[in-house]
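A.B. asks: Sharing a model that was predicted from the sequence below.
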Amino acid sequence: MRTTGLPARKAAHSLLMQITTEGRLMAELITAGALSDLAPEDRARAQRLAADTLRGLDRADRMLKPYLKKAPPPHVMNALRLGTTELCAGEAAHGVVNAIVEIVSRNKRTQSMKGLTNAVLRKIAAEGPEGWNARAVPLLPGWLRQPLVAAWGRQTVSAMEAAHFASAPLDLTAKADPDAVAKATGGVVLPNGSIRVADAGQVSELAGYADGSWWVQDAAAAMPVKMLGDVAGLNIVDLCAAPGGKTMQLAAGGAQVTAVDLSKRRMARVAENLQRTGLQAELVVADALAFDSGQRDVVVLDAPCSATGTIRRHPDLPYAKDGAEFGDLMALQEQMIDHAVGLIKPGGRLLYCTCSLLPDEGEVQVEDALARHANLTVERDAITGPGIAPDWVTDDGGLRLRPDYWSDQGGMDGFYIAVLRKAA
């Protein structure tokens, strides 16, 4: 007899295994076709189940610990985490337990543990949502939590973790009229002009998608370009441009934009977005460090980083990574800043940003850049606009955004932003 919901649960379990044991990212797996053999509804459910499990993984482990004498193999542990997440969300115990036991029993190495799996999940079902809600907010893994606590303190990191656990609504950037987009999509206009849509469903089915009235972009990711003010007529290069949110903002503002990105596949997404929105930009597939086609009024550098600011939307990141790449990323950011400075006209500006919560990828990079380049200064007056609280502005004149900001409105991604002026 076919177990109801088994295909989606098997696929979610497979995603969890590859993320937690192989260090793969969910977006990477889905792009590679990990869910392509599923029906659309199962595909959406598998992705949601995996994301929900990762978002509450620490809480699931805390619930499971009293019922396990020792940690089972990863195949079983991830199945138990998946089952716990569903049971504590109120799913019917019969269907969940049967499906998870089947996932465990189909693996020859773990089929002897199906009895344990059944027994543990029955105990979890008895606790249910009440037991789940009684546990503390899930903590980030130690490799990431420790440096964040050192930077921001325990209270702030706890607030960030609460924002991560709460998930993220859908944010849009309007090509022209935020109020019209909000009315059409049922969203609300945030203080910075982004449109936030709760329970959006299928993005491509939202009003205005087909005619290119907006594009998906977290409210924090939309902030950097706004710090440039009026960009009409400026010649701007957007380094590391994909998926193109900032390129479209600049083009919509009337700038002459050259978008540069190393990935041909990701640049194809930029081209698709530009075509859908009817905006124009020159697209160049190239290494940002090798790109040089003359000096520009503005260089935008959203540098490759740890992406730790995006965990509320990408809960797989803390479990697919371990921080080993931080040193290389920071060295690359430094190289990119130095290269970008050479691409700016005298009197021009560098907009530097990273979607990171780590000061070493934001505040420290700008401090070091100023020490290396005597002709650079921070444009403190650029960091302004609706919705920006005074305490978001850093001592160095940059803008620090965190997931716990606008918490009553659904939070935002973590970002660091600075505008640097090159001497005339």
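C.D. replies: Thanks, I have it. Numbers count the residues shown, from 1 in each chain.
A.B. asks: State the distance from Gln47 to Pro315.
C.D. replies: 11 Å (Cβ to Cβ, to the nearest Å). (C-beta placed from N, C-alpha, C; glycine too.)
A.B. asks: go on, Leu49?
C.D. replies: 12 Å.
A.B. asks: next one: Ser158
C.D. replies: 17 Å.
A.B. asks: When these two are compared, which one has more neighbours?
C.D. replies: When neighbours are counted by other Cβ atoms under 10 Å, Ser158 and Pro315 differ, and Pro315 comes out ahead with 24 against 17.
A.B. asks: State the three-state secondary structure for that one.
C.D. replies: coil (DSSP: H, G, I helix; E, B strand; the rest coil).
A.B. asks: so it makes contact with His164?
C.D. replies: Yes: at 6.9 Å, Pro315 counts as touching His164 under the criterion of Cβ atoms under 8 Å.
A.B. asks: Which neighbours do these two have in common?
C.D. replies: Residues touching both Pro315 and His164 (Cβ atoms under 8 Å, 6 or more residues apart in numbering) are Arg55.
A.B. asks: quick one: strands adjacent to the longest strand anywhere in the chain?
C.D. replies: Longest strand in the chain, counting residues (DSSP state E): strand 344-354. Strand pairing for strand 344-354, using DSSP bridges, gives strand 296-302 (parallel), strand 415-422 (antiparallel).
A.B. asks: Pull out the CA atoms of the last one and give them to me as PDB.
C.D. replies: Read that as strand 415-422. Extracted in PDB, the C-alpha atoms of strand 415-422 (Å, rounded to 0.1, in the frame of the first residue of the first chain):
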ATOM      1  CA  PHE A 415      23.700  43.500   5.400                       C
ATOM      2  CA  TYR A 416      26.600  46.000   5.700                       C
ATOM      3  CA  ILE A 417      26.600  49.000   3.400                       C
ATOM      4  CA  ALA A 418      29.100  51.800   2.900                       C
ATOM      5  CA  VAL A 419      29.600  54.500   0.200                       C
ATOM      6  CA  LEU A 420      33.200  55.500  -0.400                       C
ATOM      7  CA  ARG A 421      34.200  58.600  -2.300                       C
ATOM      8  CA  LYS A 422      37.400  58.800  -4.400                       C
END
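A.B. asks: so for it, what's the average pLDDT?
C.D. replies: For strand 415-422, mean pLDDT is 98.
A.B. asks: Any idea how far that strand is from the middle of the chain?
C.D. replies: 21 Å (Cα atoms, centre = their mean, to the nearest Å).
A.B. asks: Stretch 124-138 too?
C.D. replies: So, by Cα atoms, centre = their mean, the centroid of stretch 124-138 is 27 Å from its chain's centroid.
A.B. asks: same thing with stretch 98-117?
C.D. replies: Counting by Cα atoms, centre = their mean, stretch 98-117 comes out at 33 Å from the chain centroid.
A.B. asks: Buried residues in that stretch, which are they?
C.D. replies: Within stretch 98-117, the residues scored as buried using 16 or more other Cβ atoms under 10 Å are 98-105, 110, 113-114, 116-117.
A.B. asks: now swap in stretch 133-150 and tell me
C.D. replies: Result for stretch 133-150 [16+ other Cβ under 10 Å]: buried residues 138-140, 144-145, 147-149.
A.B. asks: Widest-spaced pair of those residues?
C.D. replies: For the buried residues of stretch 133-150, the farthest-apart pair by Cβ to Cβ is Pro138 and Pro147; their separation is 18.0 Å.
A.B. asks: one step back: would you mind giving the strands paired with strand 344-354 as JSON lines with mean neighbour count and distance to Leu206 added?
C.D. replies: Below are the strands paired with strand 344-354 laid out as JSON lines (neighbours: other Cβ atoms under 10 Å; distance: least, Cβ to Cβ, whole Å):
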{"stretch": "strand 296-302", "mean neighbour count": "24", "distance to Leu206": "25"}
{"stretch": "strand 415-422", "mean neighbour count": "25", "distance to Leu206": "24"}
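A.B. asks: Of the ones you listed, which is nearest Asp179?
C.D. replies: Among the strands paired with strand 344-354, strand 415-422 sits nearest to Asp179 (Cβ to Cβ), with 24.7 Å.
A.B. asks: just to revisit the earlier point, so can I have a markdown table of the strands paired with strand 344-354 showing distance to Gly128?
C.D. replies: Formatted as a markdown table, those follow (distance: least, Cβ to Cβ, whole Å):
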| stretch | distance to Gly128 |
| --- | --- |
| strand 296-302 | 43 |
| strand 415-422 | 38 |
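A.B. asks: what about those strands, which gets the closest to Asn192?
C.D. replies: strand 415-422 (11.8 Å).
A.B. asks: Check which helix or strand the residue nearest to Val188 when sequence neighbours are not counted maps to.
C.D. replies: Nearest non-adjacent residue to Val188, counting by Cβ to Cβ, 6 or more residues apart in numbering: Arg196, 5.5 Å away. In this assignment (DSSP states H and E), Arg196 forms part of strand 195-197.
A.B. asks: right, and the helix or strand after that strand?
C.D. replies: strand 214-216.
A.B. asks: And for Asp199, the neighbour number?
C.D. replies: 7.
A.B. asks: hang on, the earlier thing: in JSON lines, list the buried residues of stretch 133-150 along with secondary structure and distance to Phe291.
C.D. replies: As requested, the buried residues of stretch 133-150 are exported to JSON lines (DSSP: H, G, I helix; E, B strand; the rest coil; distance: Cβ to Cβ, whole Å):
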{"residue": "Pro138", "secondary structure": "coil", "distance to Phe291": "41"}
{"residue": "Leu139", "secondary structure": "coil", "distance to Phe291": "41"}
{"residue": "Leu140", "secondary structure": "coil", "distance to Phe291": "35"}
{"residue": "Leu144", "secondary structure": "helix", "distance to Phe291": "32"}
{"residue": "Arg145", "secondary structure": "helix", "distance to Phe291": "37"}
{"residue": "Pro147", "secondary structure": "helix", "distance to Phe291": "32"}
{"residue": "Leu148", "secondary structure": "helix", "distance to Phe291": "33"}
{"residue": "Val149", "secondary structure": "helix", "distance to Phe291": "38"}
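A.B. asks: okay if I get the residues you listed as JSON lines plus pLDDT and distance to Gln249?
C.D. replies: Shown next, in JSON lines, are the buried residues of stretch 133-150 (pLDDT from 0 to 100; distance: Cβ to Cβ, whole Å):
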{"residue": "Pro138", "pLDDT": "97", "distance to Gln249": "34"}
{"residue": "Leu139", "pLDDT": "97", "distance to Gln249": "35"}
{"residue": "Leu140", "pLDDT": "97", "distance to Gln249": "30"}
{"residue": "Leu144", "pLDDT": "97", "distance to Gln249": "30"}
{"residue": "Arg145", "pLDDT": "97", "distance to Gln249": "33"}
{"residue": "Pro147", "pLDDT": "96", "distance to Gln249": "31"}
{"residue": "Leu148", "pLDDT": "97", "distance to Gln249": "29"}
{"residue": "Val149", "pLDDT": "98", "distance to Gln249": "34"}
